[in-house]
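Participant: here you go, sequence then predicted model.
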Amino acid sequence: METGSSTAPSRSQGRLGRDVQAKIGNQLRAIYDDVVKEGVPDRFIDLLRRLDKQDEKGSES
Amino acid sequence: MTLDPSVRDAVLAAVPSLRAFAISLCGNVDRADDLVQETLLRALANINSFEPGSNMPAWLFTILRNLFRSEYRKRRREVEDADGTYAQSLKSQPEQSGHVEFQEFRAALAKLPPDQREALILVGASGFSYEEAADICGCAVGTIKSRVNRARARLADMLSIESMEDFGPDVATRAILAGTTSR
């Protein structure tokens, strides 16, 4: 692992304020939740339905 | 194959966050959806190795991550500029959150080393514990912790976030705060 590979004089290395962490966390979750909110696209529902019905051994991996 | 309905539901329930994770890994929605599809095929083919009652999301995330890693390694050999392609593909992604704030954040996220990005997302967005994230990534808990810390520190540097005051044009609040200190 590379440690201390900072090029900038970062005094925040390692120790960040709670507010900074919260801000990063909020943005991260906002981006992530945008996708989560899209729910399950039909292609995956169809895929599971198809696989589920493959009682005759249709192994296709 | 006949799927136990409860297993089927658990798999489907994990799909939205699997997609979010996949997009954050490869930075491209179409590729991410292919990765999720591959993950589901792989998972269902090996459904017998899933212990009923154990953590379905973590199991699926592990499969997805391993698939991505093997693909990533292959690609890396072909194209040396992995970060560059990631950044490029991000640009072609349709805007989800249109704010400038998010564009900057996305760009900064894309510049993180993959290990750090993945650890930060698992813990900070997917809501896994450090222990679960360590299982998913096949490494020690301490490694996950330090990756998450380094990821945060780097993001803070890149976005030059140092304190809450850097955010939002919340001048009024600051004025009030300043006022209270100098009475």
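Facilitator: On my side now, so go ahead.

Participant: tell me where the model's unsure across chain B.
Facilitator: B:1, B:72, B:76-101, B:161-183 (pLDDT under 70).

Participant: just give me the residue closest to the centre of it.
Facilitator: residue B:121 (3.3 Å; CA atoms, centre = their mean).

Participant: so who does it touch?
Facilitator: Taking CB atoms under 8 Å, 6 or more residues apart in numbering or on different chains as the criterion, residue B:121 is in contact with A:28, A:32, B:21, B:24. No exception for glycine: its C-beta is placed from N, CA and C like everyone else's.

Participant: on the three-state scheme, it is what?
Facilitator: The three-state assignment at residue B:121 reads helix, by DSSP: H, G, I helix; E, B strand; the rest coil.

Participant: same thing with residue A:16?
Facilitator: coil.

Participant: just give me the neighbour total for it.
Facilitator: 21 (other CB atoms under 10 Å in any protein chain shown).

Participant: do the one 3 residues further on as well
Facilitator: Using other CB under 10 Å as the criterion, residue A:19 is surrounded by 15 other residues.

Participant: so which strand or helix has it?
Facilitator: helix A:18-36 (DSSP states H and E).

Participant: on the C-terminal side of that helix, identify the next helix or strand.
Facilitator: Assigned by DSSP H and E, the successor of helix A:18-36 is helix A:42-53.

Participant: pop out the phi and psi values for residue B:127.
Facilitator: phi 80, psi 20 (degrees, to the nearest 10).

Participant: name the SS class of the closest residue to residue B:56 other than its chain neighbours, please.
Facilitator: Spatial nearest neighbour of residue B:56, chain neighbours left out: residue B:10 (4.3 Å); criterion: CB to CB, 6 or more residues apart in numbering or on different chains. Of the three states, residue B:10 takes helix under three-state DSSP.

Participant: tell me how far residue B:10 lies from residue B:54.
Facilitator: Separation of residue B:10 from residue B:54 (CB to CB, to the nearest Å) stands at 10 Å.

Participant: okay, those two: which has more neighbours?
Facilitator: residue B:10 (17 against 8).

Participant: from chain A, how far off is that one?
Facilitator: Distance, residue B:10 to chain A, using CB to the nearest CB, to the nearest Å: 11 Å.

Participant: how does chain B divide into domains?
Facilitator: B:1-94, B:96-183 (automatic domain parsing).

Participant: residues in contact with residue B:57?
Facilitator: Counted by CB under 8 Å, 6+ apart, residue B:57 has contacts B:14, B:17-18, B:126, B:128.

Participant: one step back: packing partners of the helix holding residue A:19?
Facilitator: When contacts are defined as 3 or more CB pairs under 8 Å, 6 or more residues apart in numbering or on different chains; DSSP states H and E, helix A:18-36 sits against helix B:5-26, helix B:100-111, helix B:114-124, helix B:141-158.

Participant: now, of these, which is deepest in the fold?
Facilitator: Mean neighbour count, computed with mean count of other CB atoms under 10 Å in any protein chain shown, is highest for helix B:114-124 among the helices and strands packed on helix A:18-36, reaching a mean of 22.
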